[in-house]
Each structure stands twice: as structure tokens, then as C-alpha cells.
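Visitor: make a model of this:
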Amino acid sequence: MRKIDSSWILVIVFILLFIIWSILVVKGVFLFLDYQIFDFIQQYLINDFLVSFFKAVTYLGSASILFFITIISLLIFKNKHIGISLGINAFLIAMLNLILKNLFLIPRPEIVTLIEENGYSFPSGHAMASFSFYGYLIYLIYKKMKPSVGKNILLIFLVLLIFLIGFSRIYLGVHHFSDIIGGYIISGAYLILYIKLVKKLGLE
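Guide: Purely as a prediction, here's the structure:
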């Protein structure tokens, strides 16, 4: 009997979770929780230091930074496949996010925001980009770097960065909590499929 690849099961689980989550978002099930989180942040967490900090953090999930990292990887790594796969990854996740946002047409939060953003809200593009792009970097580092304290620190930093970028979008008022979680869920499925594609094409 042929053994079932557990990664395909994970992809199916992530996709089903995203479908369920999306239906609940469209129905407005999470709106009360979303705005309760905004209220908590505005009452207890707003200060000049954190505003500056999360503005910097959110920038690390922007298209310009991901493009910069891709260019740097092309310049410093002998294996140009790494840079190419990073670039393709960033492009594909941006296209997927655009498709999904225009499918659901969920407006952004109706609150005073700390930065300006346009377009639709669900799922969060920064959440998707950070999970998929930095998640793929985590995969590459885990696979290619020899075990060391530096490797462990880098992996922990990137995991924290993914979640800090997501929280920064809520903190700055441009995304609901439900947008972030939705972005992470669908990116879980995407990342597994992208790694499979990269392996098949020999681009890692």
C-alpha cells in the first residue's frame, strides 16, 4: 500500500480552514472581536516608541523590502537558483493575494489608522507575504545551514518577524485580526505547494 504524503494532507487542511475562515469573515462573525482588539490596542498599547517600532516592522513585509532581499541574494549567493526562487515566490504570493482580495472585496477597518493604506482588507497581503517569503527563507536556512547557535537565532528571529509583521498591521489599524489569521492560513497551503514546486524544478 502506497504511503500518503502527509504534506498533501496539510495542504488540504489549510485550504479547508481558509474556506471556513473566509465564510465566517464574509458573514462578519469576527467583527466584534476585531474591534475589541483595536480598542485594547488604542487604550493600552499606543505610545511613540511602539508606533515607530511597528512602522519599521511593517515595512519589512513590504514589496520593496522583499524585492531588495531578492536582489541581494542574487548578488551574494553563488547558487543563483536561490535568488530566482525567492523572486518567483514574492511574485506568486502577491498575485494570489490580489486575486483573493478582489474575490472577497472586504473593506479595511473603519477606524483612525496610523498609516495610509489603499485597497481591500482580506486577506492581509503583509501577512501572506511575510509567512510565504520569510517562511521560505526559514526552510532554506534550516535545510542548507549547518547546525549552530547562529542558525538557531536566525530561525527564531524570522519566526518572530513573521508574527510581528502580522501584529503590526493590526496595531497600525490597517487590518483586522481576522485578515491576518486568514493570510497566515492560506499561506500555509501556498508555502507547502511552493516548496514542492521548487524541489520539482530544481531551484532550491
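Visitor: where does this structure have low pLDDT?
Guide: In the predicted model, the chain carries pLDDT under 70 at residues 1-4, 204.
Visitor: how far does the host helix or strand of Val11 sit from its chain's centre?
Guide: According to DSSP states H and E, Val11 maps onto helix 6-26. The gap between where helix 6-26 is centred and where its chain is centred comes out at 16 Å by C-alpha atoms, centre = their mean, to the nearest Å.
Visitor: residues making contact with it?
Guide: Counting contacts by C-beta atoms under 8 Å, 6 or more residues apart in numbering, the residues outside helix 6-26 that touch it are 30, 104, 106, 122, 178-179, 181-182, 185-186, 188-189, 192-193, 196. Any C-beta I mention is one placed from the backbone N, CA and C, and that applies to glycine too.
Visitor: now the helix or strand that comes right after it and helix 6-26, what's the angle there?
Guide: On the C-terminal side of helix 6-26, the nearest following helix or strand under DSSP H and E is helix 31-44. Helix 31-44 and helix 6-26 are oriented at 80 degrees to each other (axes from the mean of the first three to the mean of the last three C-alpha atoms, to 10 degrees).
Visitor: who are the packing partners of helix 31-44?
Guide: Applying 3 or more C-beta pairs under 8 Å, 6 or more residues apart in numbering; DSSP states H and E, we find helix 31-44 packed against helix 149-171, helix 177-201.
Visitor: most packed of those?
Guide: Most buried of the helices and strands packed on helix 31-44, by mean neighbour count (mean count of other C-beta atoms under 10 Å): helix 177-201, with a mean of 20.
Visitor: what helices and strands are in contact with that one?
Guide: When contacts are defined as 3+ C-beta pairs under 8 Å, 6+ apart, helix 177-201 sits against helix 6-26, helix 31-44, helix 80-104, helix 125-129, helix 135-144, helix 149-171.
Visitor: in CSV: these, plus distance to Phe67.
Guide: Below are the helices and strands packed on helix 177-201 laid out as CSV (distance: least, C-beta to C-beta, whole Å):
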stretch, distance to Phe67
helix 6-26, 26
helix 31-44, 30
helix 80-104, 7
helix 125-129, 11
helix 135-144, 14
helix 149-171, 16
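Visitor: and the contacts of helix 6-26, which is closest to Ser85?
Guide: Lys196 (12.3 Å; C-beta to C-beta).
Visitor: quick check: closest non-adjacent residue to the closest one.
Guide: Taking C-beta to C-beta, 6 or more residues apart in numbering as the measure, Lys196 lies nearest to Ser7, with 7.2 Å between them; neighbours along the chain are not counted.
Visitor: of all the helices and strands packed on helix 177-201, which lies closest to Leu114?
Guide: Each of the helices and strands packed on helix 177-201 has some distance to Leu114 by C-beta to C-beta; the shortest is helix 149-171, at 7.6 Å.
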